[in-house]
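Peer 1: Whatever this is, show me its structure:
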Amino acid sequence: MIPDSFAHPSGSSGVSLNPIPNGPGLLVSVKTGLGAMEGQTPGGGGLSEKPVPMTSGPGLSSLGAVFILLKSALGAGLLNFPWAFHKAGGVAPAFLVELVSLVFLISGLVVLGYAASVSGQATYQGVVGGLCGPAIGKLCEACFVVNLLMISVAFLRVVGDQLEKLWDFILPSTPPAPQPWYTDQRFTLTLLCALVILPLSTPREIGFQKYTSILGTLAACYLALVIMAQYYLRPQDLAREPRLASSSSSWTSVFSVFPTICFGFQCHEAAVSIYCSMRHQSLGHWTLVSVLSLLACCLVYSLTGAYGFLTFGTDVSADILMSYPGSDGVVIVARVLFAVSIMTAYPIVLFLGRSVMQDFWRRGCGGACGPWALAEPSGLWVRMPLTVLWVTATLTMALFLPDLSEIIGIIGGISSFFIFVFPGLCLICAVSVERIGPRVKCCLEAWGVVSVLVGAFIFGQSMVAAVMELL
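Peer 2: Numbering: from 1, shown residues only. Below you'll find the predicted structure:
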């Protein structure tokens, strides 16, 4: 999911991940500067001839990169995996789809590191625009905004669901009696956005959020342990036997799992920034980092998905926490941890989406919008309206899209561009400017084409399914 270490979505800004000297964690500093993507052309040298720009400081260790990439993937998608196992038709088909997807997921990360070395760019958009041209770069920026917008909607939807269950625990009532008006999501979620999320999202810099990755990782691990423990302990409220699906109803059901996997393992946007921050920027080190981080992430997701599905069977909810009773103490702790983690991650997603819109403002309206102070994209008169607009739009969509699975389908479809399509295009363009043998070049180009086609298929299938569910 979207992390604190998320790569900045424009060529004019970036996220540098520098280790805190003698500190326990990683410092995430987001810096905004002049456009670096415009006027860049891909280089023709190899990995050793054209290293990517390095950040100041000693650099990020390989182990540190593993943990940051792991945190980048672990997030709100964890709540949806038991439901994905149900949609796939059981544990075995879901595991098979996950393993096949893992090949493309690791390949995409390795390709992005290689493309960053070839292009000399330090951001995802910079790599895509530098290798594939400005038109594809602008398409990448547009996809970034839409993707981040829908991720923000999913975040608010998850927080709203947890608030609903928390009110059921605080104010228990019999079914005929309605809950008080102030427990309604339309009121509580709006109040939370106005009093907590909006103030956290308005600052120009978000360096104060550097420790939220620890909370998010702990929340994900705690949730996985709770789901496993609940399966074996089986409290009184979960004593009944679940109804398990015997087999998948069709291949369409199996393919419908891909959007959830794309949403859950979505860490590729941060890959370029993490690679550029590493102390040892070699393809071998980066491959090891990619494999270890995604295998660990796959373990957490698989355990959560399998035990959640085995606990509830076909009755599992799209948000696994919504399937548990509201009076369970350990589940209540999981709800609070996840809600707080997502509330602190939302401003980071908003910051990244807002920075792209600020770049649009700088390129399109910077010189024709009156006084310089009003036209400055990072100034308060531009930053504040964009922030309010983002929070209002995502809140409205979150309130009118009550099912998390519908949002996940849309996000997973768009994420296929960043996991499959753009890395495939970068690989095709990168090998065309590198001095490599014709046979190896042909194989790499073929893999790039396959990656693009798979991404296009997942995007089309998931978007059609999401539209059909909305209708």
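Peer 1: Need the phi and psi values for residue 319.
Peer 2: When quoted as degrees, to the nearest 10, the phi and psi of residue 319 stand at phi -110, psi 110.
Peer 1: shouldn't it be in contact with residue 77?
Peer 2: No. At 11.0 Å, residue 319 does not count as touching residue 77 under the criterion of Cβ atoms under 8 Å. Bear in mind the C-beta positions are built from the backbone N, C-alpha and C, glycine included.
Peer 1: Pick out whichever of these two has more residues nearby.
Peer 2: residue 77 (28 against 22; other Cβ atoms under 10 Å).
Peer 1: so what's that one up against?
Peer 2: 1, 260, 263, 264, 265, 266, 301, 408 (Cβ atoms under 8 Å, 6 or more residues apart in numbering).
Peer 1: what's the farthest-apart pair in those?
Peer 2: 301 and 408 (13.5 Å; Cβ to Cβ).
Peer 1: So for these two, which sits in the more crowded spot?
Peer 2: residue 408 (29 against 26).
Peer 1: in which helix or strand would I find the more buried one?
Peer 2: Following DSSP states H and E, one finds residue 408 within helix 404-416.
Peer 1: between the next helix or strand after that helix and helix 404-416, how many degrees?
Peer 2: Next along the chain after helix 404-416, taking DSSP H and E as the criterion, comes helix 422-433. On the basis of axes from the mean of the first three to the mean of the last three Cα atoms, to 10 degrees, helix 422-433 is oriented at 0 degrees to helix 404-416.
Peer 1: list the helices and strands helix 422-433 packs on?
Peer 2: Applying 3 or more Cβ pairs under 8 Å, 6 or more residues apart in numbering; DSSP states H and E, we find helix 422-433 packed against helix 91-119, helix 124-132, helix 134-170, helix 438-470.
Peer 1: you'd agree residue 168 is up against residue 326?
Peer 2: Yes. Applying Cβ under 8 Å as the test, residue 168 and residue 326 come out as touching, 4.0 Å apart.
Peer 1: What is the burial count for residue 269?
Peer 2: For residue 269, using other Cβ under 10 Å, the count is 28.
Peer 1: Same question for residue 276.
Peer 2: Neighbours around residue 276, by other Cβ under 10 Å: 29.
Peer 1: on that earlier part again, pick the most buried one from the helices and strands packed on helix 422-433.
Peer 2: helix 124-132 (a mean of 30; mean count of other Cβ atoms under 10 Å).
Peer 1: which sections of the stretch 51-200 of the chain are below the confidence cut-off?
Peer 2: 51-58, 173-179 (pLDDT under 70).
Peer 1: try 80
Peer 2: 51-61, 64, 67-68, 71-72, 74-76, 122-123, 165, 168-184 (pLDDT under 80).
Peer 1: just to revisit the earlier point, pull the distance from the helix holding residue 408 to the chain's centre.
Peer 2: 11 Å (Cα atoms, centre = their mean, to the nearest Å).
Peer 1: try stretch 150-170
Peer 2: 18 Å.
Peer 1: Quick check: pLDDT value at residue 452.
Peer 2: Residue 452 is assigned a pLDDT of 94 by the prediction.
Peer 1: Quick one: residues contacting it.
Peer 2: 420, 421, 424, 425, 428.
Peer 1: who wins for neighbours among those?
Peer 2: In those, the most neighbours by other Cβ under 10 Å go to residue 420, 28 neighbours.
Peer 1: what's the distance between that one and residue 77?
Peer 2: 17 Å (Cβ to Cβ, to the nearest Å).
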